[in-house]
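Q: the sequence isn't on hand, but the structure is:
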């Protein structure tokens, strides 16, 4: 596979997808705002005859078998056929079983619908495959950003842009946390904690949480995981931390308190902006404690179903295995006193993170600033910060863009005057 620049013909990426003939399509499937590459081949290939590569990194994102039993290969295309703001992959079989069509839902990782396109009098009509509901609509400016006038060397100002833009498709994402103790379904707070939701989903999409354990459980307090995987077996077992991305900004809010049934990001003591991969379930109402230390802990999701599974994990006896594992829940009659003596079956493990829905999320960007020596606008999450010059006076027009997950956007502008 080679990916070429449409601008100058330069090779942007080159990699081996399959050692046979291929079909190629492209579209944003990983919700990264880059076009991803979908590649299919013929035959029954270990791991599946369809690969999806991330356009931003050229790394393998997903693999699966397009149409079970078909060995003649498939034609492929990509598009948002259901109108739910996410792209699906559509397959039409070639050779054996030709005429079959399947639509693969990349969020749920399953076939959404299958039908015979030709030769079947009862085949569904294209316009009736999906109900004409939940169709995507453009975001819009609901409250224009007011012009700003300040004195020279004024203090920085911060504005929450969610009060200025609206999204008709606004909804929260849903993820199934599939563990060895059962499935917990969580609802992500896309708009309220966008930075931390995006961070969490980056680990989900990279399959980084698969195989991690719940390494900390404090009775009637929290159950914490998302950090460590098991390597080796007794008597040489180790628990290794997964690779992490740079820490993200804290987004604690009094409107998202650490009460029972919420999910929050873990972080390092005395560093509010240190969250990476680890998260915890609040088993009890911990607001009095966790809302008032270390900048407050960012709640980024709520448990929809399966809180009893969290309670069951919290009820499992814990052991002190040293280091970071002084309160680690262990199962299957583990009697050892060190990590090295345990096997993978002695820990409560996350087997999979299943994305049921990505919801909808507006992201904001600065697209124009006519006088950058006067004011510097920056955006983190939903917040726009204006950093004024200590010496300059004058005016500048700032342009802001809001973009939804499907790439639809709306712009607005306001004037900053420094006198």
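A: Cool, the structure landed. Every value quoted in this text rests on a predicted model; they were computed, and no experiment measured them. Numbering: from 1, shown residues only.

Q: neighbours around residue 231, how many?
A: Using other C-beta atoms under 10 Å, the number of residues around residue 231 comes to 12. Quick note: C-beta positions are derived from backbone N, CA and C, even for glycine.

Q: please name the bridge partners of it.
A: residue 238 (DSSP bridges).

Q: if I look at it, how far off is residue 179?
A: Here residue 231 is placed at a distance of 19 Å from residue 179 (C-beta to C-beta, to the nearest Å).

Q: what comes up buried for the helix or strand where residue 202 lies?
A: Residue 202 is located in helix 194-205, with elements delineated by DSSP states H and E. For helix 194-205, a neighbour-count test (16 or more other C-beta atoms under 10 Å) marks 194-205 as buried.

Q: may I see the buried residues of the next helix or strand after it?
A: The first helix or strand that comes after helix 194-205 along the chain, using DSSP H and E, is strand 212-218. Going by neighbour count (16+ other C-beta under 10 Å), the buried part of strand 212-218 is 212-217.

Q: with stretch 26-45 instead?
A: Buried residues in stretch 26-45 (16+ other C-beta under 10 Å): 26-31, 35-42, 45.

Q: which of those residues scores worst on pLDDT?
A: Across these, the member with the lowest pLDDT is residue 31, scoring 60.

Q: which parts of the stretch 1-150 of the chain are strands?
A: Using DSSP state E, counting those that start in this stretch, the strands of the stretch 1-150 of the chain run over residues 2-4, 11-14, 22-27, 36-41, 50-53, 60-64, 74-79, 88-93, 100-105, 110-116, 140-141, 148-150.

Q: show residues contacting the last one.
A: Strand 148-150 has contacts (C-beta atoms under 8 Å, 6 or more residues apart in numbering) with 157, 386, 388, 414-419.

Q: and the average pLDDT for that strand is what?
A: Rounded mean pLDDT across strand 148-150 is 95.

Q: so what's residue 157 closest to, chain neighbours aside?
A: Excluding its sequence neighbours, the residue lying closest to residue 157 (C-beta to C-beta, 6 or more residues apart in numbering) is residue 386, at 4.9 Å.

Q: mind listing what's buried along the helix or strand that neighbour falls within?
A: For residue 386, the element it lies in under DSSP H and E is strand 383-388. By neighbour count with 16+ other C-beta under 10 Å, strand 383-388 contains the buried residues 383-384, 386, 388.

Q: list the strands paired with the next helix or strand after that strand, with their directions.
A: Once the chain leaves strand 383-388, the next helix or strand it forms, by DSSP H and E, is strand 394-403. Strand 394-403 pairs in its sheet with strand 363-369 (antiparallel), strand 409-418 (antiparallel), by DSSP bridges.

Q: picking that back up, go ahead and confirm the residue nearest to residue 157 touches residue 417.
A: No: if you go by C-beta atoms under 8 Å, residue 386 and residue 417 don't touch, sitting 11.7 Å apart.

Q: what's the closest of the buried residues of helix 194-205 to residue 78?
A: Residue 78 lies nearest to residue 205 out of these, by C-beta to C-beta, at 16.9 Å.

Q: shouldn't residue 288 be within a helix?
A: Yes: with DSSP: H, G, I helix; E, B strand; the rest coil as the criterion, residue 288 is part of a helix.

Q: adding pLDDT, write the buried residues of strand 212-218 out as JSON lines.
A: Output for the buried residues of strand 212-218, formatted as JSON lines (pLDDT from 0 to 100):
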{"residue": "212", "pLDDT": "98"}
{"residue": "213", "pLDDT": "98"}
{"residue": "214", "pLDDT": "99"}
{"residue": "215", "pLDDT": "98"}
{"residue": "216", "pLDDT": "98"}
{"residue": "217", "pLDDT": "98"}
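
Q: where does the chain have low pLDDT?
A: For the chain, the stretches with pLDDT under 70 are 30-34, 56, 67-72, 80-86, 94-99, 106-137.

Q: and it, what are its domain boundaries?
A: 2-128, 140-169+361-418, 174-357 (automatic domain parsing).

Q: next up, the contacts around the nearest residue to residue 356 once chain neighbours are set aside.
A: Nearest in space to residue 356, with sequence neighbours left out and distances taken as C-beta to C-beta, 6+ apart, is residue 174 at 4.1 Å. Counting by C-beta under 8 Å, 6+ apart, residue 174 makes contact with 185-188, 304, 355-357, 359.

Q: out of these, which end up buried?
A: Among the contacts of residue 174, those classed as buried by neighbour count (16+ other C-beta under 10 Å) are 185-188, 304, 355, 357, 359.

Q: next step: these restricted to strands.
A: Using DSSP state E, the subset of these located in strands is 185-188, 304, 355, 357.

Q: where's residue 352 relative to residue 372, distance?
A: According to C-beta to C-beta, residue 352 stands 46 Å off from residue 372.

Q: so between these two, which is more surrounded?
A: residue 352 (15 against 10).

Q: quick one: contacts for the residue nearest to residue 157?
A: Residues counted as contacts of residue 386 (C-beta under 8 Å, 6+ apart) are 148, 156-159, 375-377, 398, 416.

Q: switch the cut-off to 10 Å
A: Residues near residue 386 by C-beta atoms under 10 Å, 6 or more residues apart in numbering: 148, 150, 154-159, 374-378, 396, 398, 416, 418.

Q: beta-bridge partners for it, please?
A: Residue 386 has these beta-bridge partners by DSSP bridges: residue 157, residue 377.

Q: again with residue 14
A: The partner residues for residue 14, given DSSP bridges, come to residue 2.

Q: quick one: residue 327 and residue 321 touch, right?
A: Yes: under the criterion of C-beta atoms under 10 Å, residue 327 makes contact with residue 321 at 9.4 Å.

Q: phi, psi of the closest residue to residue 213 other than its chain neighbours?
A: Distance criterion C-beta to C-beta, 6+ apart; nearest residue to residue 213, sequence neighbours excluded, is residue 347 at 4.2 Å. Backbone torsions of residue 347, given as degrees, to the nearest 10, read phi -120, psi 150.

Q: ok, now residue 262?
A: Phi and psi for residue 262, reported as degrees, to the nearest 10, are phi -100, psi 160.

Q: name the nearest of the buried residues of stretch 26-45 relative to residue 239.
A: Looking across the buried residues of stretch 26-45 and measuring by C-beta to C-beta, the closest to residue 239 is residue 30, at 28.9 Å.
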